[in-house]
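Enquirer: give me a 3D structure for the following:
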Amino acid sequence: MNLLSRIIGHTCLVLRHKFWVFRFACVAGIPWQGMMHDLSKFSWTEFSESVRYYNGKVSPIKICKEKNHGLSKAWIHHHGRNLHHYEAWYDDFDHGPVPRDMPYKYAVEMICDCLAAGRTYGGKDFTYASEYYGWWKRRLKGGCGMSDHMKAFMEAVLSRLARENSLDALRPGSTRKIYAETVGKNPFDY
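Expert: As a prediction, this is how the structure comes out:
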């Protein structure tokens, strides 16, 4: 694949992902976050590396990590600037990384992001059940550095989406209630 094809392909992939995040974020009641989601993907650090490893089927960051012993400068740049990634909420690395709970709006954006990634890469094969049983359950089995509260929040929302095959679990009333139950905090406290 030549450079121009990779540039066009990656740009289209990012825009398709952003489209789906925005759609899910509108349902979740956070449209502005959906609009602003992942703008750092257009920074030179992220864009250049992602174009280099783009193949259209798998995340370029995943390919880069496989080829570079787990290192991706784009990923380091990305999760440090996008608070919907649980990795951005680690603290105190000198005494071992401690995962922190995410504020409600970023926890919900994280759900929208994972659904949009599934929709972007899965295309017509995407279902809420495939995202829950395929991606989420595998993620938990392989180890996931989220706080226990964030895992419980993701589990509750994604399992309900899969079970009901409806976006009702993503609506603000549902996610606020689930967040309060699983995290033990008022969604508006942050």
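Enquirer: elements contacting the stretch of helix or strand Ile7 belongs to?
Expert: If you go by DSSP states H and E, Ile7 is part of helix 3-28. In terms of contacts (3 or more C-beta pairs under 8 Å, 6 or more residues apart in numbering; DSSP states H and E), helix 3-28 is packed against helix 31-36, helix 44-53, helix 104-122. C-beta here means a position set from N, CA and C on the backbone, and glycine is covered the same way.
Enquirer: now tabulate those helices in CSV and tack on mean neighbour count and distance to Gly70.
Expert: Shown next, in CSV, are those (neighbours: other C-beta atoms under 10 Å; distance: least, C-beta to C-beta, whole Å):
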stretch, mean neighbour count, distance to Gly70
helix 31-36, 16, 29
helix 44-53, 18, 14
helix 104-122, 22, 20
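Enquirer: turn those into JSON lines, including distance to Asn82 and mean pLDDT.
Expert: Below are the helices and strands packed on helix 3-28 laid out as JSON lines (distance: least, C-beta to C-beta, whole Å; pLDDT from 0 to 100):
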{"stretch": "helix 31-36", "distance to Asn82": "10", "mean pLDDT": "96"}
{"stretch": "helix 44-53", "distance to Asn82": "10", "mean pLDDT": "96"}
{"stretch": "helix 104-122", "distance to Asn82": "9", "mean pLDDT": "95"}
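Enquirer: outside of the worst-scoring helix or strand of the chain on mean pLDDT itself, list whatever touches it.
Expert: When each helix and strand of the chain is scored by mean pLDDT, DSSP states H and E, strand 90-91 comes last, with a mean of 78. Here strand 90-91 makes contact (C-beta atoms under 8 Å, 6 or more residues apart in numbering) with 97-100, 145.
Enquirer: try it again at 6 Å.
Expert: 97-100 (C-beta atoms under 6 Å, 6 or more residues apart in numbering).
Enquirer: out of those residues, which are buried?
Expert: 99-100 (16 or more other C-beta atoms under 10 Å).
Enquirer: any stretches of this structure with poor pLDDT?
Expert: 92, 190 (pLDDT under 70).
Enquirer: mind doing that once more with 50?
Expert: Of all residues in the chain, none has pLDDT under 50.
Enquirer: show me the one of the helices and strands packed on helix 3-28 that comes nearest Arg81.
Expert: Among the helices and strands packed on helix 3-28, helix 44-53 comes nearest to Arg81, with 9.1 Å by C-beta to C-beta.
Enquirer: now that closest one - C-alpha only, CSV.
Expert: Presented in CSV, the C-alpha positions along helix 44-53 are these (Å, rounded to 0.1, in the frame of the first residue of the first chain):
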residue,chain,number,x,y,z
TRP,A,44,1.9,14.8,14.0
THR,A,45,3.0,12.3,16.6
GLU,A,46,-0.1,10.2,16.4
PHE,A,47,-1.0,10.7,12.7
SER,A,48,2.5,10.0,11.3
GLU,A,49,2.9,6.7,13.3
SER,A,50,-0.6,5.6,12.5
VAL,A,51,-0.2,6.2,8.8
ARG,A,52,3.0,4.2,8.9
TYR,A,53,1.3,1.1,10.4
